[in-house]
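[1] With the input below, show me the fold.
(2 chains)
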Amino acid sequence: MTTALRRWPVLVALCIAALFMVLPFLIVLMNAIKSPAEYSQHGPLSMPHGLYLDGLKDFWQRVDYGQKLFNSVLISGSVAILAALLSILNAYAIGIGRIKGRTWVLAFFVLANMLPQEALVYPVYYLAKEVGLYDTRLSVIIVFTVIQAAFGTYLLSSVLGQFPREIIEAAKIDGATTWQVLWRIVVPVSRPTLGVLMVFFFIWTWNEFLLPLVMLISNDNQTVSVALGVLQGQRLMDATMTNAAALLGVLPALVFFLVFQRTLTRGIAVGAVK
Amino acid sequence: MTVTAERGGQVTGRQVKAGHPRRPRDSYALFLIPGIIAFTAIIIVPFLMNTGISFTNWQGVGTPSWTGLANYRELWDDSEFWASFRHSLFMVLAMAAIPTAVGLVLAAALFDFVGKHFGSRIVAVLRACFYLPQVLPIAVAGIVWSWILAPENGSLNALLKAIGLGSWQQDWLGDPDIALYSVMGVMVWVQLGFPLVVFMAGLQRVDPGLHEAAELDGAGWWRRFWHITLPQIRPEIYVVLTWCSIAALKVFGAVYVLTKGGPGGATDVPSYFSFSTFFEKTQVGYGAAISTVLTAVILVLALIGLKLQTRAEDAEEGVRS
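    Numbers count the residues shown, from 1 in each chain, chains lettered A, B, ... in the order given. As a prediction, the model looks like this:
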């Protein structure tokens, strides 16, 4: 009985806490559609009187936001595909091939995943300059393919370790090569896990900041995160522009979130504890 | 780290050379070749270079001159370096300790009260609200918050004024005494969703019979939380604490966007310190030393975390069997 009485207050408290979490998003949305005059007159907390979209349009054109979105999609999309590919090759050898010394190989991938990017950034920057890849989107794609594949290898290896061996043995008896077993059996069966991994790789790469900041200096190559971060760091934006930037930065994340909500909230739990 | 890599490589290499083409194990090692090449080029070589550079004096051009441990000796006496690691401890508090503690209570409350009595749809919506900041690029979160925390016309100050607490208004990110706490607050907001989601998944493993038995014995919610829920999801707690502490030590984007380490170094953290030493002061050798120390701290922490997690999982399996 006591719990029945306490149920409602707990629900209300949780709802208020959840509201605080989304409040910043609501404030940004509210202010991004205000005109500068309205903003300076009524401040950030008033409800918008009308829909003012010129601020968003101005910002979009000034930073060439379409190009930034394209760069982010190109980089994150390529990394998602290539890193998944690299992960499955590694995990196939470790999880299904059970090669000798696999514990050490796996430990290496785990450590590579933990390594702070600060310990790689200067040599990567220097080497990219030496081979002429500095300030190219390709350089960022290559680096993040490897960094994300470290986690992918770790996760997929433990998933493939549980793969039903009878299926593989049966295919082998039918004369399938190791290569065919990988592409015709292991990859199709693990498609759900690969899907989750690719979603994570895409979003993680989208959100990356340090390495893209160092590697991509020209405007045409920058990602959404870098472009917005640099603008903010220069402290050149007025309130309206800041809000336009914030809203345009939030929107893609919001879209991914709504599309992949289930994958994200369930998948991360799978990833955290094997 | 390198020892691990070399050993792994040697073992697989030897196997291929030994040549037992009939043994299926051998051909599998070939699948590691692209991975080994890629990781050597992107992770191992840069990491070794960085460690090597940390023993030199180098401005990024010309030949580095070997100075042995000079950079590390200088670090030892550098108050900026110690300050940056002290701020890291605050970040661990804000990104690991607080989100874990709050996340546990929220997850248990969502699971026990809301999930059992109001349905899973409400749980899903609430969980989504808490998780939302996690998918936001940190640069964007920084823009949102630096505008909310702005001294003039910022939402927080406007709100305080509106509810009659005008005297509480602050220059949240510009006052050296407050800036670190403001950044910490933002990081709690960013991080909270991760432990919450992991713990909610973990709670599904807990045998409901235990709770029912304890409830029959008259144990209140807090006691059940403390004596049943907590011990049952201990593996998850270790994973989250390790993961989040490492993330806290690596925090860079938020500091770059919110404060650039300022005002007056009040929010400087090791990763930002090494970044500015590399690219603004172009003291590459010194920057490499900072990042090498950071790496060592993170690897030690990772090993401790891994050990605790394995032990907790073993203990749990022992109880079950």
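[2] Not counting sequence-adjacent ones, nearest residue to the closest residue to chain B within chain A?
    Relative to chain B, the nearest point of chain A is A:G97 (2.4 Å; CB to the nearest CB). For every residue, glycine as well, the C-beta is placed using N, CA and C. Among residues not flanking A:G97 along the chain, B:Y28 sits closest, at 2.4 Å (CB to CB, 6 or more residues apart in numbering or on different chains).
[3] ditto for B:M200
    B:A107 (4.7 Å).
[4] Then B:G193?
    Spatially, and ignoring its direct neighbours in sequence, B:G193 is nearest to B:Y131 (3.6 Å; CB to CB, 6+ apart).
[5] The one you found touches B:V197, doesn't it?
    Yes: between B:Y131 and B:V197 there is a contact at 5.6 Å, judged by CB atoms under 8 Å.
[6] okay, these two: which has more neighbours?
    Ranked by neighbour count (other CB atoms under 10 Å in any protein chain shown), B:Y131 and B:V197 place B:V197 first, with 25 against 21.
[7] just the helices in the stretch 51-200 of chain A please.
    According to DSSP state H, counting those that start in this stretch, the stretch 51-200 of chain A carries its helices in the segments A:54-62, A:65-91, A:102-114, A:118-130, A:137-161, A:165-173, A:178-181, A:187-189, A:191-207.
[8] oh, I was asking about the stretch 51-200 of chain B
    Going by DSSP H, counting those that start in this stretch, the stretch 51-200 of chain B shows helices at B:70-76, B:79-92, B:98-109, B:116-118, B:120-135, B:138-148, B:155-162, B:179-191, B:193-203.
[9] Deepest in the core, which of those helices is it.
    Across the helices of the stretch 51-200 of chain B, averaging neighbours per residue (mean count of other CB atoms under 10 Å in any protein chain shown) puts helix B:138-148 on top, at a mean of 26.
[10] Not counting its own residues, what contacts that helix?
    A:24-25, A:27-28, A:207, A:209, A:224-226, A:228-229, A:232, A:239, A:242-243, A:245-246, A:249-250, A:253, B:133, B:136, B:154-156, B:173, B:186, B:189-190, B:253-254, B:256-258 (CB atoms under 8 Å, 6 or more residues apart in numbering or on different chains).
[11] now stretch A:55-75
    Contacts of stretch A:55-75 (CB under 8 Å, 6+ apart): A:32-36, A:137, A:140-141, A:144, A:205-206, A:212, A:216, A:219-225, A:227, A:231, A:240-241, A:243-245, A:247-248, A:252.
[12] Surely A:L228 is in contact with A:V250?
    No: using CB under 8 Å, A:L228 is not in contact with A:V250, being 10.3 Å away.
[13] Give me the neighbour count for A:A112.
    Neighbour number of A:A112 under other CB under 10 Å is 24.
[14] Give me the pLDDT value at it.
    The per-residue pLDDT reported for A:A112 equals 85.
[15] which non-adjacent residue is nearest it?
    A:A112 sits nearest to A:A150 (CB to CB, 6+ apart), 4.3 Å away.
[16] got the residues of the stretch 201-321 of chain B near chain A?
    Contact residues (CB under 8 Å from any CB of the partner chain) of the stretch 201-321 of chain B with chain A: B:201-202, B:221, B:235-236, B:239-240, B:243, B:246, B:249-250, B:252-253, B:256-257, B:260, B:270-271, B:274-275, B:278-279, B:284, B:287-288, B:290-292, B:294-295, B:298-299, B:302, B:306.
[17] Grab the most central residue of chain B for me.
    Centroid check for chain B by CA atoms, centre = their mean gives B:A247 as the closest residue, at 1.6 Å.
[18] dump the residue contacts of that one.
    So B:A247 contacts B:M95, B:A96, B:Q191 (CB under 8 Å, 6+ apart).
[19] With B:L230 instead?
    B:L104, B:I237.
[20] roughly how far apart are it and B:L93?
    To B:L93, B:L230 is 20 Å away according to CB to CB, to the nearest Å.
[21] repeat for A:S139
    Taking CB to CB, one finds A:S139 at 36 Å from B:L93.
[22] which one of those two has more residues nearby?
    Neighbours per residue, other CB under 10 Å: of A:S139 and B:L93, the larger number sits with A:S139, 23 against 16.
[23] just for the stretch 1-150 of chain B, where's the confidence low?
    B:1-26 (pLDDT under 70).
[24] can you tell me the residue of it closest to chain A?
    Closest point on the stretch 1-150 of chain B to chain A, by CB to the nearest CB, is B:Y28, at 2.4 Å.
[25] The helices of the stretch 51-200 of chain A: which one's closest to B:L32?
    helix A:65-91 (6.1 Å; CB to CB).
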